[in-house]
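In: pasting the structure only:
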C-alpha cells in the first residue's frame, strides 16, 4: 500500500506567499494522487519505480564529486564575467562619443568603348587619374588547363607560321640542307665555267644508303655530323639519324652499317635522345634473343661522358663515365651484330678530342670494308610507300578537333606525308579496321561520360563489330589514343 499523501501547510490567506504555497500544495496533492492511482492500475510501474529510485540515488552519489567542482567553477566564472561587464560599461560611459563620419557613395559606371587618344591627352588623363585616386586596370588572370594548351597550340608554327625552337636533330637537318644547297650552287657554277668541282666536306643524304651515323645526346650531334662529313669525303654515302628515330633505319630487317655516338649523363644514364634505342636493344638482350641481328648489322660505338658528373670523384677515367655506350655495345654484340671497330670512350673532363680523333682514324678502314660487304652505298631503293595516317577526332567543344588538326598539320614535317584528318562519324569503321591501317584518335568525354555528337555513331558501330568479330577485327591495325577530360 502507498502511504497517504502528506498534508501541505498553507500560508495565511490574504498574502502572496500563502497563495503560492497553496497552489504548490494542490499541485503536489494532485500529482501524488495520480501516481497512486496509476500504480494501483499498473503494478508494474510501481516495481519499476521501486527499482529506479535506488539506482538514481546511487548515480547521484557517484556523480556528485564530479558535478560539484563544475558547479563551483561555473559560479565563479559567472561572477567574474559580470564584474568585467560592469567595468566595461563604466569605461564606455566615461569615454567621449565618436561622431559618425558621413558615408561615401561610390558609383561604378559601365566602361565606354576604347577610343584612340592622342599622346598629350593620354598623359593628361593618366595624371588626372593618378591624382584622383584611380587605379590601373587589372591584368588578365593566366590561363590554365586546356585553355592554356589551346593558347599555346594557336601560337604554333602550323597555325601562325612562327618558328619553333628546334631540337638538335632539326638543327642538324637544317644545317645539312643549307650545306647541300650551297654545294649544289657551287657545283653548278663551276660546271657552267667548265671547271671540275673539288671534293666538299658537306654531304648529300642518300635515302637508299645503308650506312647510318646515329647520335644520342647534345654533344654527340656535332661529332656524328663531323664523322658523316668525313665519310662523305671518303666516297661513302652516309645518313645522319637521331637515335630516337632508329626504328626507321630497319637495322633488324635490311643489312646495314651503323656508327652509334651515344652520350652518358648523370647517374650513368643515357641522354634522353639515346634512351629509347638503348632500352630497346637491352630488353631484347634480357629476353635472350641472341642472333636476331646476325648477318644484318655491322656496327661501331663511340661513347661520350664526363667524369665531373660522377658521384664518386675518385674514379676519373673515361671507362667510368661511359656506361650508356658500354651497355649498347654489349647488347648489340649479344644480339649477333658484328663489331667493326673497338668501342671508343671519351671523357669531356680532359677533352673529347683526346679520344675521338684517334678512334676516328682507326674507324675508316674497317668501316669501308663493312660498307662494301653489305653494299650499303648501292642498295636497291625501297619499294614500301609512305603509309596513310588517319587523324580522327571526337569533339564536343572543339578542343579535341583543334588539337587533332594541329597534329595532322605537323605530321608531314615529321615524315608522314600521306595524312587525312576527319571527325569519327565521317569515316567508315571498316576502313580503320583494315590490316595495315595507322590511326590516331583524339577524343573528349562529355559531362555525363558520353561520346561527343560527332563520334557517337562511330562508337556504336565499332562496339557492334568488336562484339561480333571478337579477336579477329583490328588485326594488323596500329593506333594511338589521346583522351581529353
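Out: Thanks, I have it. A quick note: this is a predicted structure, and the numbers were derived from the prediction, not measured.
In: ends of stretch 343-363, what's the gap?
Out: Using C-alpha to C-alpha, to the nearest Å, one end of stretch 343-363 lies 10 Å from the other.
In: which parts of it are buried?
Out: Buried residues in stretch 343-363, counting neighbours by 16 or more other C-beta atoms under 10 Å, are found at 343-349, 352, 355-356, 359-360, 363. (Each C-beta comes from the backbone N, C-alpha and C, glycine too.)
In: list the helices and strands the lengthiest helix in the chain packs on?
Out: Counting by DSSP state H, the longest helix found in the chain is helix 43-94. Contact partners of helix 43-94 among helices and strands, from 3 or more C-beta pairs under 8 Å, 6 or more residues apart in numbering; DSSP states H and E: helix 16-41.
In: surely residue 446 is in a helix?
Out: No: in this structure, residue 446 is coil, not part of a helix, as judged by DSSP: H, G, I helix; E, B strand; the rest coil.
In: isn't it right up against residue 396?
Out: Yes: using C-beta atoms under 8 Å, residue 446 is in contact with residue 396, at 5.4 Å.
In: quick one, which of those two is more surrounded?
Out: Neighbour count, other C-beta atoms under 10 Å: between residue 446 and residue 396, residue 396 has more, with 19 against 13.
In: what about that one, which SS state?
Out: coil.
In: so where do the strands sit in the protein?
Out: 211-216, 238-242, 256-263, 297-305, 338-339, 344-347, 389-394, 419-423, 438-444, 478-484 (DSSP state E).
In: weakest of the ones you listed by average pLDDT?
Out: Mean pLDDT across the strands of the chain is lowest at strand 344-347; the value there is a mean of 86.
In: got a list of contacts for that strand?
Out: Applying C-beta atoms under 8 Å, 6 or more residues apart in numbering, the external contacts of strand 344-347 come out as 300-307, 316-319, 321-322, 325, 352-356, 359.
In: list the contacts for the nearest residue to residue 265 once chain neighbours are set aside?
Out: Leaving aside its sequence neighbours, residue 265 sits nearest to residue 271 (C-beta to C-beta, 6 or more residues apart in numbering; 5.6 Å). Residue 271 sits next to 216-218, 220, 262-265, 324 when contact means C-beta under 8 Å, 6+ apart.
In: please redo it, this time with the cut-off set to 10 Å
Out: 168, 215-221, 243-244, 262-265, 278, 304, 324 (C-beta atoms under 10 Å, 6 or more residues apart in numbering).
In: quick revisit: any residues in contact with both of residue 446 and residue 396?
Out: Common neighbours of residue 446 and residue 396 (C-beta under 10 Å, 6+ apart) are 452-453.
In: ok, and for stretch 227-239, which residues are buried?
Out: 227-232, 236-239.
In: sorry, that was for stretch 460-473
Out: Those would be 462, 465, 473, for stretch 460-473 by 16+ other C-beta under 10 Å.
In: in contact with the second one, which residues?
Out: Contacts of residue 465 were listed using C-beta under 10 Å, 6+ apart, and they are 429-430, 433, 472-474.
In: so how far is residue 330 from residue 345?
Out: Distance, residue 345 to residue 330, using C-beta to C-beta, to the nearest Å: 13 Å.
In: shared neighbours of the two, anything?
Out: What both residue 345 and residue 330 touch, as defined by C-beta under 10 Å, 6+ apart, is the set residue 301.
In: for stretch 401-418, buried residues please.
Out: Neighbour count says stretch 401-418 has 401-409, 411, 416 buried, by 16+ other C-beta under 10 Å.
In: now, among these, which is nearest to residue 336?
Out: Of all those, residue 416 has the smallest distance to residue 336: 31.5 Å, by C-beta to C-beta.
In: returning to what we had before: so which of the buried residues of stretch 460-473 belong to helices?
Out: 462, 465.
In: farthest pair in the contacts of residue 465?
Out: Among the contacts of residue 465, 429 and 472 lie farthest apart (C-beta to C-beta), at 14.0 Å.
In: next, the contact list for residue 484, please.
Out: Going by C-beta under 10 Å, 6+ apart, residue 484 touches 146, 149, 393-397, 399-400, 403, 442-445.
In: list only buried entries from those.
Out: Those of the contacts of residue 484 that meet the buried threshold are 393-396, 399-400, 403, 442-444, by 16+ other C-beta under 10 Å.
In: list the contacts for residue 441?
Out: Contacts for residue 441 (C-beta under 10 Å, 6+ apart) come out as 390-394, 400, 404, 424, 432, 455, 458, 479-483.
In: between those residues, which has the most around it?
Out: residue 393 (29 neighbours).
In: OK, contacts around it?
Out: Residue 393 neighbours (C-beta under 10 Å, 6+ apart): 399-405, 407-408, 421-424, 426, 440-444, 452, 454-455, 482, 484.
In: so what pLDDT did the closest residue to it other than its chain neighbours get?
Out: Spatial nearest neighbour of residue 393, chain neighbours left out: residue 404 (3.7 Å); criterion: C-beta to C-beta, 6+ apart. We have a pLDDT of 92 for residue 404.
In: and if you look at residue 248?
Out: Looking at residue 248, its pLDDT reads 86.
In: that one contacts residue 277, doesn't it?
Out: No: assessed by C-beta atoms under 10 Å, residue 248 is found out of contact with residue 277, at 11.6 Å.
In: which of the two has more neighbours?
Out: Set side by side, residue 248 and residue 277 show more neighbours around residue 277, with 24 against 8, by other C-beta under 10 Å.
In: can you give me the distance of that one to residue 18?
Out: Taking C-beta to C-beta, one finds residue 277 at 111 Å from residue 18.
In: now swap in residue 352 and tell me
Out: 118 Å.
In: what does residue 213 give?
Out: Residue 213 sits 122 Å away from residue 18, taking C-beta to C-beta as the criterion.
In: what of residue 402?
Out: Relative to residue 18, residue 402 is positioned 95 Å away (C-beta to C-beta).
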